[in-house]
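Undergrad: the following block contains a protein sequence and its predicted model.
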Amino acid sequence: MIKKSGPIEFKENIGSLESQATYPSRNQSCKNYETCLNLAASLDWEGFDCTNCNKKINEQLIWRAQSAQREDNLSKKIFPIPKIKSIVTKKEIVVKKVS
């Protein structure tokens, strides 16, 4: 199975027999566990699962959580999430004198 950047949303199908026996598996020793908790809370998820996670944070989820927190100041104060890393490069223009 292919591992994905996490957290991975856990959706419980209320009322189904399968959901009563299925619980999310979480890796509490992961260095990103607290960040995943904050992302899941900011995105108003029912839960998240670590089973197929590659222990990296999905930057798209960070962006979505930041977007959600713009409309909810309390969530922003309670659930800190990392900033999206961006790389800015400068190209130097070199002018050579042609003789």
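TA: Perfect, thanks for sending it. Numbers count the residues shown, from 1 in each chain.
Undergrad: who's in contact with the closest residue to Lys4 other than its chain neighbours?
TA: Of all residues not flanking Lys4 in the chain, Asn52 sits nearest, at 5.9 Å (C-beta to C-beta, 6 or more residues apart in numbering). C-beta: built from backbone N, CA, C; applies to glycine. Counting by C-beta atoms under 8 Å, 6 or more residues apart in numbering, Asn52 makes contact with 1-4, 8.
Undergrad: burial count for the residue nearest to Lys3 when sequence neighbours are not counted?
TA: For Lys3, ignoring the flanking residues on the chain, the nearest one in space by C-beta to C-beta, 6+ apart is Asn54 at 3.9 Å. Asn54 has 11 neighbours, counted by other C-beta atoms under 10 Å.
Undergrad: which residues touch Asn54?
TA: Per C-beta under 8 Å, 6+ apart, neighbours of Asn54: 3-6.
Undergrad: separation between it and Glu46?
TA: Counting by C-beta to C-beta, to the nearest Å, the separation of Asn54 from Glu46 is 22 Å.
Undergrad: name the member of the contacts of Asn52 with the most neighbours.
TA: That'd be Ile8 among the contacts of Asn52, by other C-beta under 10 Å, with 20 neighbours.
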